[in-house]
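# Everything below, folded, please.
(chains A and B)
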2 protein chains.
Amino acid sequence: MKLIYTGKTKDVYSKEDGNYLLKFKDDVTGTDGVFDPGANTVGLSIEGAGKAGLRLTELFFKRINEEGIPTHFVEADVENAAMTVKPAEVFGKGLEVILRYKAVGSFFKRYGKYCDEGADLEGFVEVTLKDDERNDPPITEDGLEMLGIMTKEEYKELVNLTRKIGEIVKSEMKKKDLELYDIKFEFGRVGEDKHIALIDEISGGNMRAYKNGKYIEPLELEKLMLEKI
Amino acid sequence: MKLIYTGKTKDVYSKEDGNYLLKFKDDVTGTDGVFDPGANTVGLSIEGAGKAGLRLTELFFKRINEEGIPTHFVEADVENAAMTVKPAEVFGKGLEVILRYKAVGSFFKRYGKYCDEGADLEGFVEVTLKDDERNDPPITEDGLEMLGIMTKEEYKELVNLTRKIGEIVKSEMKKKDLELYDIKFEFGRVGEDKHIALIDEISGGNMRAYKNGKYIEPLELEKLMLEKI
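Numbering: from 1, shown residues only, chains lettered A, B, ... in the order given. Below you'll find the predicted structure:
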């Protein structure tokens, strides 16, 4: 097994069978010691954060696979905070897909002239390029095609999968009285046919959720989602 | 005639026949006394700037009308720096349509990870909301529809008209050895059938142009375009 990439919150190893191992770290993104899932720097280390993130990722990826939606997930080894995944080719140099059910965060900051804060959005999809240096700029369908990042057909499929996965995550969260406001996903091309599959993780830091009108921070969200009823 | 709106570079009057009069001012946008077409504040006043902007607008709008593309233009009174236009309903609270032939400016700032500065873009269209307070945020086709700003059909027509108008402007400029890098337009709904028409103006401050590889600033551009050969 060979370390091939050191990320902010995960390390990536290549396995001899062609798959990859994602090792979830206890480091979380943030600034000045405060956990902030939207930040591009590692802010602090919280014991058990890696394992909790992996457990929630496993829960969601298994549910998504059950619904017949492709992911890169193979298996999770929670004890070692490690997840085995299929090799995937990212779009361009990597992008994030944001799914919004409520007008909050950067959406409201941009479009506040046209909507009230917290208004319903019914599954609005946006794409941003992963580019720390340029603050993850948003990009349109036409832009993605023009820069050779994905075809129009792939974009359509990406939006379709995003909405389907969002519904699954939303309904899982509803079981714990959590309301999903927005969530970000990563996708890649997997397999010889290069079909679009969900990659990376789905942990507390990927989403914004509320319970009884109160914001639930990522680690608390993971705790609520993972505790047995 | 009644003053109904005081803009940064134009005042708007309503006429008794139902049309409007745009009075071009000598004020130009900029910061600290330096002309900057992208700025949202008036930076300085330059004698004759209003008339020059109107003359270039008249030249382009007449050419565009000749090609059968709808505009709000009725007539120009250069002596009084005034243009009579048909009433138009803007999209939402107003938006700008940017057409790019070269990867420069904010495009390159955002997507520099995927293209070289100055690369050809072959008529790439982007839309931003006019919102000084929020720095004119970019918006996607889906966003425009969801916020009730325009329908998908209108978006398609908008992009189509933008590219056609761009070709006309580009070819007019080529006659003076000027190369158009990018340009911004405004559109609105005109007439009882609410067809999409080009509105506002097309003056030096709306575009970025080069001559023999050298950037030509807006007032110089207007001078070059308007001088008799």
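
# which regions of chain A sit below the pLDDT cut-off?
Across chain A, the ranges flagged by pLDDT under 70 are A:229.

# Let me see the domain layout of it.
Domain segmentation of chain A under automatic domain parsing yields A:2-87, A:89-226.

# which one of the ones you listed lies closest to chain B?
domain A:89-226 (3.9 Å; CB to the nearest CB). To be clear about C-beta, it is placed using only N, CA and C from the backbone, and glycine gets the same treatment.

# possible to save the domains of chain A as JSON lines with mean neighbour count?
Putting those into JSON lines (neighbours: other CB atoms under 10 Å in any protein chain shown) gives the following:
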{"stretch": "domain A:2-87", "mean neighbour count": "16"}
{"stretch": "domain A:89-226", "mean neighbour count": "18"}
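
# got those domains as JSON lines, with distance to chain B columns?
Rendered in JSON lines, the data for the domains of chain A read as follows (distance: least, CB to the nearest CB, whole Å):
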{"stretch": "domain A:2-87", "distance to chain B": "14"}
{"stretch": "domain A:89-226", "distance to chain B": "4"}
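
# Reformat the ones you listed into JSON lines and put distance to B:G204 next to each item.
As requested, the domains of chain A are arranged in JSON lines below (distance: least, CB to CB, whole Å):
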{"stretch": "domain A:2-87", "distance to B:G204": "39"}
{"stretch": "domain A:89-226", "distance to B:G204": "27"}
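
# of those domains, which approaches B:L3 most closely?
domain A:89-226 (24.6 Å; CB to CB).

# Now do stretch A:194-213: distance to the chain's middle.
Centre-to-centre, stretch A:194-213 and its host chain are 4 Å apart (CA atoms, centre = their mean, to the nearest Å).

# what about it, how long is it end to end?
When the termini of stretch A:194-213 are compared using CA to CA, to the nearest Å, they are 41 Å apart.

# Spatially central residue for chain A, please.
Centroid check for chain A by CA atoms, centre = their mean gives A:F185 as the closest residue, at 3.4 Å.

# Need the CA coordinates for the longest strand anywhere in chain A. PDB is fine.
When chain A is parsed with DSSP state E, its longest strand is strand A:179-190. The C-alpha trace of strand A:179-190 is given here as PDB (Å, rounded to 0.1, in the frame of the first residue of the first chain):
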ATOM      1  CA  GLU A 179     -33.800  19.000   8.300                       C
ATOM      2  CA  LEU A 180     -31.300  19.200   5.500                       C
ATOM      3  CA  TYR A 181     -30.700  22.700   4.200                       C
ATOM      4  CA  ASP A 182     -27.900  22.100   1.800                       C
ATOM      5  CA  ILE A 183     -25.200  19.500   1.000                       C
ATOM      6  CA  LYS A 184     -22.200  19.200  -1.200                       C
ATOM      7  CA  PHE A 185     -21.100  16.100  -3.100                       C
ATOM      8  CA  GLU A 186     -18.200  15.100  -5.300                       C
ATOM      9  CA  PHE A 187     -18.500  12.900  -8.400                       C
ATOM     10  CA  GLY A 188     -16.200  11.100 -10.700                       C
ATOM     11  CA  ARG A 189     -16.000   8.800 -13.600                       C
ATOM     12  CA  VAL A 190     -15.800   5.100 -12.500                       C
END
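
# Tell me which strands that strand pairs with, and in which orientation.
strand A:88-90 (antiparallel), strand A:95-102 (antiparallel), strand A:195-199 (antiparallel), strand A:207-211 (antiparallel) (DSSP bridges).

# Ok, which of those comes nearest B:N40?
B:N40 lies closest to strand A:95-102 among those, at 27.1 Å (CB to CB).

# got the CA positions of the longest helix along chain A in PDB?
The helix spanning the most residues in chain A, taking DSSP state H as the definition, is helix A:152-174. C-alpha atoms of helix A:152-174 as PDB (Å, rounded to 0.1, in the frame of the first residue of the first chain):
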ATOM      1  CA  LYS A 152     -23.700  18.400 -21.600                       C
ATOM      2  CA  GLU A 153     -24.900  14.800 -21.300                       C
ATOM      3  CA  GLU A 154     -22.700  14.200 -18.200                       C
ATOM      4  CA  TYR A 155     -24.000  17.500 -16.700                       C
ATOM      5  CA  LYS A 156     -27.600  16.300 -17.100                       C
ATOM      6  CA  GLU A 157     -26.700  13.000 -15.400                       C
ATOM      7  CA  LEU A 158     -24.800  14.700 -12.600                       C
ATOM      8  CA  VAL A 159     -27.800  17.000 -11.800                       C
ATOM      9  CA  ASN A 160     -30.100  14.000 -11.900                       C
ATOM     10  CA  LEU A 161     -28.000  11.900  -9.600                       C
ATOM     11  CA  THR A 162     -27.500  14.800  -7.200                       C
ATOM     12  CA  ARG A 163     -31.200  15.300  -6.700                       C
ATOM     13  CA  LYS A 164     -31.800  11.500  -6.200                       C
ATOM     14  CA  ILE A 165     -29.000  11.200  -3.700                       C
ATOM     15  CA  GLY A 166     -30.200  14.400  -1.900                       C
ATOM     16  CA  GLU A 167     -33.600  12.800  -1.500                       C
ATOM     17  CA  ILE A 168     -32.100   9.700   0.100                       C
ATOM     18  CA  VAL A 169     -29.900  11.700   2.500                       C
ATOM     19  CA  LYS A 170     -32.800  14.000   3.400                       C
ATOM     20  CA  SER A 171     -35.100  11.100   4.200                       C
ATOM     21  CA  GLU A 172     -32.400   9.400   6.300                       C
ATOM     22  CA  MET A 173     -32.000  12.600   8.300                       C
ATOM     23  CA  LYS A 174     -35.700  13.100   8.700                       C
END
